[in-house]
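Undergrad: Return atomic coordinates for the entry below.
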Amino acid sequence: MPVVQFTANLARQAAAPTCEVAGSTVREALDAVFIQHPLLRGYVLDDQASLRKHVVVFVDGTAIADRKKLTDAVSEKSEIFVMQALSGG
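TA: Residues are numbered from 1 along each chain as shown. Here you go, the predicted structure:
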C-alpha cells in the first residue's frame, strides 16, 4: 500500500503520522488519511478540495501534475510526501 508522509510543520498543526493507506491515486490515498486524521484535511486542501496554494505533494520524488483533482497515479509501493511551504524572514 502507498505510504503517505507529512512534513514536521504540518504535524505541529494536527496529528500527521506516516500512514500506509489504500489507493490508486493521490486523491484516494489522501482521502484515506483524512478519514483517520480529519484535521489534516483543512491544512492540505482548500474549500474546493484542491491542494492549497502553498502545499506541494510528491509521489516517488516527483511533484504531482494535477493539483485540482489529484488524479496522479500511485502504486502499491509509492511514497507520497506532503509538504507545506514555509515563509518568513
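Undergrad: need the contact list for Val55.
TA: Residues in contact with Val55, defined by C-beta atoms under 8 Å, 6 or more residues apart in numbering, are Tyr43, Val44, Val82, Met83, Gln84, Ala85. To be clear about C-beta, it is placed using only N, CA and C from the backbone, and glycine gets the same treatment.
Undergrad: nearest residue to the second one other than its sequence neighbours?
TA: Meaning Val44. By the measure of C-beta to C-beta, 6 or more residues apart in numbering, the closest residue to Val44 outside its immediate chain neighbours is Val55, 5.5 Å from it.
Undergrad: Same check on the third one?
TA: The spatial neighbour of Val82 that comes closest, neighbours along the chain excluded (C-beta to C-beta, 6+ apart), is Phe6 at 4.8 Å.
Undergrad: So which of the contacts of Val55 belong to strands?
TA: With DSSP state E as the criterion, strands contain Val82, Met83, Gln84 from among those.
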